[in-house]
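Trainee: how would this look folded up:
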Amino acid sequence: MKTEEQFELSPVSKKDSKDLVYKSNVLVNGKYDITMVQARFLVFVSSLVNAYDENLFTYQIQTSTVLDYLGIDRANIKWLVGTLTKLQTSLVCLQDDNEAIEYATFLGWFRLDKKNDLLEFRFDASMKPHYLQLKNNFVTLEKNKYLDFTSMYTVKFYEYIKYNYQLFERYKNNGYREFEVDLEDFVKQFSSTFDHKKGVFEVPKSYKSYSDFRKKVLEVAQKELKEKNDIYFEFEEIKVNRAVKRLLITIKQNGEVIKKNFADKKRKELQSTTKHKQVAQEQIKRLMSRNKDKIKDPLKYEQKLFGMYLNNTLVYDKDLQEIIEQLDKKIFDSL
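Mentor: A predicted model of the protein is given here:
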């Protein structure tokens, strides 16, 4: 086992946290049993890792930064200690087949400096191939999605369908977008918990019946993904002698969420892009001039027009509308 001295100290801050997180295909498809908040902690600290590094570090960050991201009161240090301790003992099953059995842990070590508001931590050494030098064997995940989701089943399915959809986009093979799965294996992958007495991952009795799995896992994840994510999944039951034995999974793009994401990003761009603002100011100037004889309170009217600009409801003259459309196209192409 590596000692602490073998891990170089790497101070990091909130600005080092990236919006996208990269995880190996193997880790995404592994079995693990952690809480929603533990998953959020892992994705946040994963966002501090540079995937091009050759080695993992001992990372150092302000404890308050971590708590703020998790939405936890800064005074609740005991809770954070409990979470980190559990992550040191939480196992992830990376492989369990005829060839090999491989188990690992997420977190290898941590130190909480209460006096200086500092958290030092490092991933377990076994995590290195799952966060660094990934080449093509990785899944790209959005960090803030983990704040949106409320169920760990949604998180697991989010990672699963992102894995498959990225393979579809890479190889243009519909077999990654629509495919059949064995129900028994599927239930094990998404609802197994670790039995410490037996030392194995097992499906709890409450999830062994298909009706329970469908109600508590499948439909929960499907509903939340459809409400909050740009892709989601549909499923069809495949029966043998009236019993469901397989599922047909179809991954679909979510038009409503894509439109919403575009609108949200566009609104932010409108408020921060100088060119958009300049075009809007020109339009407001024109409207003020045209309606000067009808305006009772010029300042109030100008504020109203500016509010319409911020809400993306301001109507532009034809020449200005063409400029806005060109700017919007640049924003759309960046999505």
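
Trainee: and Leu235, how far is that from Phe213?
Mentor: Slight slip there: residue 235 is Phe, not Leu. Using CB to CB, to the nearest Å, we find Phe235 at a distance of 11 Å from Phe213. Quick note: C-beta positions are derived from backbone N, CA and C, even for glycine.

Trainee: these two: which is more packed in?
Mentor: Neighbour totals were compared for Phe235 and Phe213, and Phe213 leads with 21 against 15 (other CB atoms under 10 Å).

Trainee: quick one: contacts for that one?
Mentor: Applying CB atoms under 8 Å, 6 or more residues apart in numbering, we find Phe213 in contact with Val187, Ser191, Tyr207.

Trainee: keeping just the C-alphas, turn the one helix or strand it maps to into CSV.
Mentor: Using DSSP states H and E, Phe213 falls within helix 210-213. Output in CSV follows, covering the C-alpha atoms of helix 210-213 (Å, rounded to 0.1, in the frame of the first residue of the first chain):
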residue,chain,number,x,y,z
TYR,A,210,-40.0,-7.2,-11.2
SER,A,211,-43.0,-5.1,-10.2
ASP,A,212,-41.1,-3.6,-7.3
PHE,A,213,-38.0,-3.0,-9.4
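
Trainee: go through that helix and flag the buried ones.
Mentor: Tyr210, Phe213 (16 or more other CB atoms under 10 Å).

Trainee: so how far is it off the chain centroid?
Mentor: Relative to its parent chain, helix 210-213 has a centroid offset of 26 Å by CA atoms, centre = their mean, to the nearest Å.

Trainee: and the following helix or strand past that helix, what's its mean pLDDT?
Mentor: Next along the chain after helix 210-213, taking DSSP H and E as the criterion, comes helix 219-228. Helix 219-228 carries an average pLDDT of 96.

Trainee: go through the chain and flag its longest helix.
Mentor: Across the chain, the longest stretch assigned as helix under DSSP state H is helix 152-171.

Trainee: and that one, what does it pack against?
Mentor: Applying 3 or more CB pairs under 8 Å, 6 or more residues apart in numbering; DSSP states H and E, we find helix 152-171 packed against helix 25-28, helix 36-46, strand 138-142, helix 183-191, helix 219-228, strand 231-240, strand 243-253.

Trainee: which residue sits farthest out from the middle of the chain?
Mentor: Ranked by distance from the centre of the chain (CA atoms, centre = their mean), the top residue is Asp293, with 52.8 Å.

Trainee: could you look up the SS state of that residue?
Mentor: Under DSSP: H, G, I helix; E, B strand; the rest coil, the three-state class of Asp293 is coil.

Trainee: let me know the closest of the contacts of Phe213 to Asp117.
Mentor: Taking CB to CB as the measure, Ser191 is the one of those closest to Asp117, at 38.4 Å.
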